[in-house]
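Undergrad: Please work out how this folds:
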Amino acid sequence: MASERITEELVRGHFKADPLFSVIKLEEQRSTNKRVIDLLQSASKSGKGRGMPEFLISFPSQNSNYLIVIECKGEIKYHESKNLDKPKDFAVDGVLHYGKELSKDFEVICIAVSGQNTTEMLVSSYRIAKGKTKINKLNSNELNSINDYIKLFNNEHFEYNLKHIDIVQKAIYLNNLFQDFSITENGRNTIVSSILLSLMDNSFRSNYANTEKSIYIAEDIIKAVDRVLTNRKVKNKAEMIGEYNKILNEPLFKDEVIKVKKKDVNTIEEAKEIITYIHKNIYPLVTMEDAGFDVLGKFYTEFIRYAGSSQSQGLVLTPQHITELFCDLANITENSIVYDPCCGSGGFLISAMKTMIEKAKNDTQKEHIRNSQLIGVERRPDMFTYACSNMLFRGDGKSNIYCGDCFNLETEITKNHKINAVFLNPPYDVGNVGQMQFIEHSLNSVTQQGIVIGIVQMSCAIRNEKELVAMKKKLLERHTLKAVISMPDELFNPAASVPTCIMVWEANKPNNGKETWFGYLKDDGFEKRKFKGRVDVKKRWSDIKEKFIKTYNNQKELPGLSVKVEVTENDEWCAEAYMETNYDELTTNNFEEVLKRFYSFKYIYQNG
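TA: Numbers count the residues shown, from 1 in each chain. Below you'll find the model as predicted:
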């Protein structure tokens, strides 16, 4: 006789093996969610008392209104009744019974599963919108990944936050592990990147578990990466291999035994465990179709959280919601050719690729975008390697990313590529004038009336240093300062905590007599959370961005949000200097907060 327990174990094993399992809560025949308990108080399939499905999947890290409900039956003959009116006896009937009740307060995906093995298993899936009675049957006859189910909720920011939290958690785990092996922060990301690329090679993926020595595994990783880069015809293969060769000198690979917490540890076993962990938990993330997620950038940000060296090196990776904002500010299309002269791990290029491919009309156009319309320069060999790897994960086999100094490569870049949009976050260690020189280089690199958008330190916009004023004058004489946007002070937390602004320039159109639109975006809705960084917990960013972009596109002036002013090189380029206060939004809490800051400052000043 078929056992329902076997079916349940198949379902349980499927979700526990999913790379996003750490961000869900899987409960069996119970729930700790009071809203769920209340809704199912009288929902027994027999018609009396409280009911509870076999499995409930929720997303507690997001305080979400989304649920996945699963019902199982051991025999496929009990998968679905003719009239869907026997919830106690049939899987489909039962899951829809619970789904209808839960949809009164949740968006619900209902999954019915029957069968004793994956070969004969029957799976039916449905979606019921919150507050609706209509049941939408989904075109799926198998158990899908958590990522696939998340996408069905059609909430990109919910999806982004979950993946962000998941990767941060995995980065913390690996970071602590690498710390035990005395691997440097930069070395940690190089190891992760090289393993991810090597896993794209079928031979390595199948055989690494059988390798006898850790140094052999490192050598096999390099050989696998070489094969992947050769097969993809990557033009900058030599530079990338040179960076990845550094892992051969890591104690984890070059020594057979090392001390970890005063104990001798065999490195071969540890190396295999790390590769297996990355294979099962991280590799699937980089191969997902979501082209806008900078996995390596997020790992790097987490690894250097403990380093204290990133800010002094001037390296600050741009958050994804800001790289996506740039695409909206530039209004890029499938025909845009986007350049980043200091591309870091490639975050701007990844977001641009995602936006452009979404607008592409056919596969030929998508291929052209990947091969010819994304250009980057990165001077640091390690970051250059991560950027190339990130693009490779997304199908950009040509990888038009150059390793070197963008100023020295300016002639080559402009000769080989007809760039019409530049996105950049220049290094902050070069100072105010240095950051504006990156802006100037970008304006020199675009075609007639191209657009340049850069996020720089606010000091670039407001300081009256002689050289800075001269640089700003030079830029205004040749180009138009279309907009300057004040950004949240802790935007780059934890890597840096400096006030920044976004400058939007139109190339080759003198600014003379034109007004600049100044925007105030100090509140992006993101909040700091321990071990998660800045997260859009309350899902505010989507509405904030929509209102802001609409105001920006129409160049409107709104109290508390935006103002238009004609400025010169001697003026402050920030909204705060000119914007009218929106008194309707001021509260007693605002007043009290200002008083607290004032008295704190006064105390420190007097007693410092």
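
Undergrad: Need the per-residue pLDDT for Ser140.
TA: On the pLDDT scale, Ser140 is placed at 86.

Undergrad: how close does it sit to Asp148?
TA: Applying C-beta to C-beta, to the nearest Å, one obtains 8 Å for the distance of Ser140 from Asp148. All C-beta spots, glycine's among them, are computed from the backbone N, C-alpha and C.

Undergrad: before we move on, what about His321?
TA: Distance, His321 to Asp148, by C-beta to C-beta: 23 Å.

Undergrad: who's more crowded, those two?
TA: For the pair His321 and Asp148, the greater number of neighbours falls to His321 (21 against 15), based on other C-beta atoms under 10 Å.

Undergrad: tell me the SS of Ile109?
TA: Assigned by DSSP: H, G, I helix; E, B strand; the rest coil, the conformation of Ile109 is strand.

Undergrad: Pull the contacting residues for it.
TA: When contacts are counted by C-beta atoms under 8 Å, 6 or more residues apart in numbering, Ile109 touches 66-69, 125-127, 138, 149, 152-153.

Undergrad: Just the ones in helices from these, please.
TA: Judged by DSSP state H, the contacts of Ile109 include 149, 152 as members of helices.

Undergrad: Doesn't Ala238 lie inside a helix?
TA: Yes: counting by three-state DSSP, Ala238 is located in a helix.

Undergrad: what sits against it?
TA: So Ala238 contacts nothing (C-beta under 8 Å, 6+ apart).

Undergrad: Show the pLDDT at it.
TA: 90.

Undergrad: Tabulate the CA atom coordinates of stretch 347-355 in PDB.
TA: C-alpha atoms of stretch 347-355 as PDB (Å, rounded to 0.1, in the frame of the first residue of the first chain):
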ATOM      1  CA  GLY A 347      26.900  46.000 -10.900                       C
ATOM      2  CA  PHE A 348      26.000  48.800 -13.300                       C
ATOM      3  CA  LEU A 349      26.600  46.700 -16.300                       C
ATOM      4  CA  ILE A 350      24.600  43.800 -14.900                       C
ATOM      5  CA  SER A 351      21.600  46.100 -14.200                       C
ATOM      6  CA  ALA A 352      21.900  47.700 -17.600                       C
ATOM      7  CA  MET A 353      22.000  44.300 -19.300                       C
ATOM      8  CA  LYS A 354      18.900  43.200 -17.400                       C
ATOM      9  CA  THR A 355      17.000  46.300 -18.400                       C
END
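
Undergrad: From the contact counts, what lies against the longest helix seen in the chain?
TA: If you go by DSSP H, the chain has its longest helix at helix 156-180. Secondary-structure packing of helix 156-180 (3 or more C-beta pairs under 8 Å, 6 or more residues apart in numbering; DSSP states H and E): helix 146-152, helix 185-198, helix 267-281, helix 283-286, helix 295-303, helix 320-330, strand 533-535.

Undergrad: go again using 6 Å as the cut-off
TA: Applying 3 or more C-beta pairs under 6 Å, 6 or more residues apart in numbering; DSSP states H and E, one finds that helix 156-180 makes contact with helix 295-303.

Undergrad: so what secondary structure elements neighbour the helix it packs on?
TA: On a contact count with 3+ C-beta pairs under 6 Å, 6+ apart, helix 295-303 meets helix 156-180, helix 185-198.

Undergrad: Deepest-packed of these, please.
TA: Stretch with highest mean neighbour count among the helices and strands packed on helix 295-303: helix 185-198 (a mean of 24; mean count of other C-beta atoms under 10 Å).

Undergrad: For that helix, give the mean pLDDT please.
TA: The model assigns helix 185-198 a mean pLDDT of 89.

Undergrad: Following element in sequence after that helix, please.
TA: Sequence-wise, the next helix or strand downstream of helix 185-198 (DSSP states H and E) is helix 202-207.

Undergrad: For that next one, C-alpha coordinates in PDB please.
TA: C-alpha atoms of helix 202-207 as PDB (Å, rounded to 0.1, in the frame of the first residue of the first chain):
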ATOM      1  CA  ASN A 202      31.200  19.500 -16.700                       C
ATOM      2  CA  SER A 203      34.400  17.500 -16.000                       C
ATOM      3  CA  PHE A 204      35.300  19.400 -12.900                       C
ATOM      4  CA  ARG A 205      31.800  19.400 -11.600                       C
ATOM      5  CA  SER A 206      31.600  15.600 -11.900                       C
ATOM      6  CA  ASN A 207      35.100  14.700 -10.600                       C
END
